[in-house]
Every structure is written in structure tokens, then in C-alpha cells.
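J.: Just need the structure, nothing else, for what follows:
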Amino acid sequence: MTVKTIPIVLLGLVLAFPALAVQGASEGLLLWYQTVLPALAPFLILTQLLTVSGGAGLLVKPVYPLVSRLFHVSASGTYILLCGLLCGYPLGAKLCGDYFRQGKISQKEAQYLLAFCCHPSPMFLLGYVRQQLPVGINSGLLLLSVCLPVPLLSFLAQKLYQPQTGGQRTSSPVRLETAPVCLESILLSSAETMVLIGGCMMMFSIFALWIRQLSILPVRLQALVAGAVEMTTGIHQISTVFPKYTAVAPALSAAAFGGISGIFQTKSVLSDSLIQEKHSQEGLPVTSKNAGGLSIRHYVLWKLIHAGLTCIAAQLLIHLMQPLGL
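T.: As a prediction, the model looks like this:
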């Protein structure tokens with residue numbers, strides 16, 4: 001099957017199973033409307049307002065000395081990291097791409113940050129994920145399982161990319177560029193990003209529903225594959241078919257990975273910053289026009305590593321917390 005035939009096959013499946021397509025699209029859009037839109041849209045708007053108004057500098061200033069020492073990032077990189085950790089997919093990646101295109105961070109620092117700045121938000125973990133899992137799951141377990149691997153990811157990514165940010169880590173006050181504030185353009189940009197996310201969730205929720213109909217696969221394997229395709233619907237299915245504590249590790253791994261849907265969302269917000277890998281695949285020379293971008297392949301690899309480390313961390317924390325009654 002070639003890239004050209006995949007849309008034809010998918011269109012055939014939609015026409016052959018229209019009821020499933022409508023149900024999957026409805027589930028995806030409902031999740032987007034009820035969970036993702038209210039949680040992410042305000043952060044998208046406010047982070048852009050902070051960036052253009054200069055408020056980002058005030059936000060970063062108190063934590064910049066500590067974060068820059070721990071993660072070896074510049075002032076702009078500190079802001080990207082904080083927003084990525086607190087606001088959830090795909091805001092960290094979007095800011096990383098935006099700041100890279102604007103020249104506020106280098107290519108090496110952008111690729112370094114992209115390895116660990118895009119995560120499920122605490123609101124998503126303590127809200128949606130906790131609601132899906134059985135009652136009694138400790139909130140600290142959810143947050144720690146996803147966040148503990150971040151320093152290790154940072155260490156590995158630093159060794160690989162070697163970001164040159166040392167010259168920017170000074171004791172002087174943090175100053176980020178300001179620009180004229182245009183609320184209309186910020187709202188339009190945020191709406192465009194949310195529509196992209198909603199479209200990805202809708203399409204991949206259809207795929208996840210098709211997977212649930214594959215009776216040849218064991219029920220638990222269906223849930224795991226669904227989680228790898230679209231994390232929100234997958235987490236719901238994982239929590240349904242796995243016993244209480246057994247569901248925690250795979251559900252959190254799906255959240256840390258973000259699903260194939262999350263990868264497409266990230267690729268959408270990074271579209272202007274990605275390496276044009278088609279040139280290298282076709283054997284064409286790499287020029288200044290297609291070099292020096294960010295790699296979505298590297299991003300996928302880091303997400304897989306994060307998912308694996310999250311699974312290990314969750315299992316270890318469960319074994320530590322259960323005897324203590326936490």
C-alpha cells in the first residue's frame with residue numbers, strides 16, 4: 001500500500017461503514033469540545049498575549065535562574081518549557097516552533113526543547129485521566145509518573161543536541177521581545193490551532209472506533225492500540241477493560257505518548273519549522289531552504305521513550321505507594 005492509496009482505502013471504509021464513521025467522529029468532536037477546547041484554548045490565547053505584550057519576561061524572571069541551571073535553556077526556552085509542562089499538548093511544540101522561526105531560540109535549542117517540552121497538562125491528568133481510572137488513584141501518582149522522566153529526557157537530549165545556550169544564561173533580568181498587540185490575530189491564530197486539533201481528534205477517533213470493532217484482536221490489545229492511535233478515547237477504553245491498578249501504567253503511557261493523533265497535531269503546529277525530509281528521501285540535495293529545521297521523526301522517538309519511562313515510573317510508584325496505603 002502506497003501513500004497515494006491510503007486515502008482511497010480510508011474513504012472506502014467510511015463509505016462501507018458510515019454509522020461507525022459518524023459515531024467515531026461524534027465521539028472525537030465531543031471529547032474535543034468538552035475536554036480539550038476549554039482546557040487548551042485559554043492557554044493558547046493567553047500565552048500569545050504574554051509573548052507579544054512582553055509579559056512573558058515577568059513570568060519567567062523568578063524561575064529563570066533555577067530552570068536555566070537545571071535544563072540548560074535560555075530565557076525564551078524557559079518560557080517554552082514552563083508553558084509546555086503546564087498547558088499540555090501541543091502548546092509546547094507550537095511555542096517551540098514559533099520561537100525558532102522568530103529567531104528567539106537556536107535550531108539546536110529548539111530540537112532539544114522539543115524532546116521534552118510537550119506533555120499532557122496537569123489539568124488533563126487530574127481531570128480527564130483521573131475520572132477515567134477507578135476511584136482511589138492517587139493524584140501524585142499520575143503527575144509523578146509523567147513528570148519524573150522529564151529530567152532524564154532532558155539529559156539524553158542535551159547529550160545528543162548540545163544546545164548552545166550558555167551565553168544567554170546571565171544574571172541580568174530576563175527580557176523577551178515585545179510586539180504590537182492585535183487581539184483579533186491572536187484569536188484567529190488560536191482558533192486555527194484548535195480547529196487543527198479538533199480535526200485530528202475527529203479522524204483518529206474514527207480509526208480508534210474501527211480498532212474496537214476488530215474482534216480478531218483481544219480486548220486489551222484493542223485498548224492499547226486505540227490508546228496509541230488517539231489517547232483520549234484510548235485511555236477511556238484502557239480504563240474500561242483493565243483492572244484497577246493494572247490500567248494506570250498503560251493509560252499514563254498513552255497520555256505521555258500523545259497518540260498518533262497528537263503527533264499529527266504537533267506536526268501541524270510545526271509545519272513551517274520542520275525539515276523538508278522529502279528532499280532527503282528522494283535523494284535531492286539539501287540546501288539552505290530545506291536545512292536547519294526541526295525533525296518530527298526525532299519528536300516521535302522522544303515520545304516513545306517518554307511513554308516507556310512513564311510506564312516504568314508508574315509501576316514503581318504503584319509498588320511503593322500501595323504498601324503505604326496512598
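J.: give me every residue that touches the most centrally placed residue in the chain.
T.: Most central residue of the chain, judged by C-alpha distance to the mean C-alpha position with CA atoms, centre = their mean, is Tyr89 at 3.6 Å. Contacts for Tyr89 (CB atoms under 8 Å, 6 or more residues apart in numbering) come out as 40, 118-121, 258, 262, 265-266. From N, CA and C alone the C-beta is placed, and that goes for glycine too.
J.: where does it land in three-state SS?
T.: Per DSSP: H, G, I helix; E, B strand; the rest coil, the secondary structure class of Tyr89 is coil.
J.: which residue ranges form the helices in the stretch 1-150 of the chain?
T.: Across the stretch 1-150 of the chain, reading from the start of the chain, the helices by DSSP state H, counting those that start in this stretch fall at 5-16, 18-31, 37-53, 55-60, 64-71, 75-87, 91-101, 107-114, 122-124, 130-132, 139-147, 149-161.
J.: Can I get the fourth one in CSV, CA atoms only?
T.: Presented in CSV, the C-alpha positions along helix 55-60 are these (Å, rounded to 0.1, in the frame of the first residue of the first chain):
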residue,chain,number,x,y,z
GLY,A,55,4.6,39.8,30.0
ALA,A,56,6.4,36.5,29.4
GLY,A,57,9.6,38.1,30.8
LEU,A,58,7.8,38.9,34.1
LEU,A,59,6.5,35.3,34.3
VAL,A,60,9.9,33.8,33.6
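J.: quick one: buried residues of it?
T.: Residues 56-57, 59-60 are the ones in helix 55-60 that count as buried (16 or more other CB atoms under 10 Å).
J.: Kindly report the same for the third one.
T.: Buried residues in helix 37-53, counted by 16+ other CB under 10 Å: 39-41, 43-45, 47-48, 50-52.
J.: would you turn these into JSON lines with pLDDT and distance to Leu217?
T.: Shown next, in JSON lines, are those (pLDDT from 0 to 100; distance: CB to CB, whole Å):
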{"residue": "Ala39", "pLDDT": "79", "distance to Leu217": "31"}
{"residue": "Leu40", "pLDDT": "83", "distance to Leu217": "32"}
{"residue": "Ala41", "pLDDT": "86", "distance to Leu217": "35"}
{"residue": "Phe43", "pLDDT": "84", "distance to Leu217": "36"}
{"residue": "Leu44", "pLDDT": "83", "distance to Leu217": "36"}
{"residue": "Ile45", "pLDDT": "87", "distance to Leu217": "41"}
{"residue": "Thr47", "pLDDT": "81", "distance to Leu217": "40"}
{"residue": "Gln48", "pLDDT": "80", "distance to Leu217": "42"}
{"residue": "Leu50", "pLDDT": "79", "distance to Leu217": "45"}
{"residue": "Thr51", "pLDDT": "75", "distance to Leu217": "45"}
{"residue": "Val52", "pLDDT": "77", "distance to Leu217": "48"}
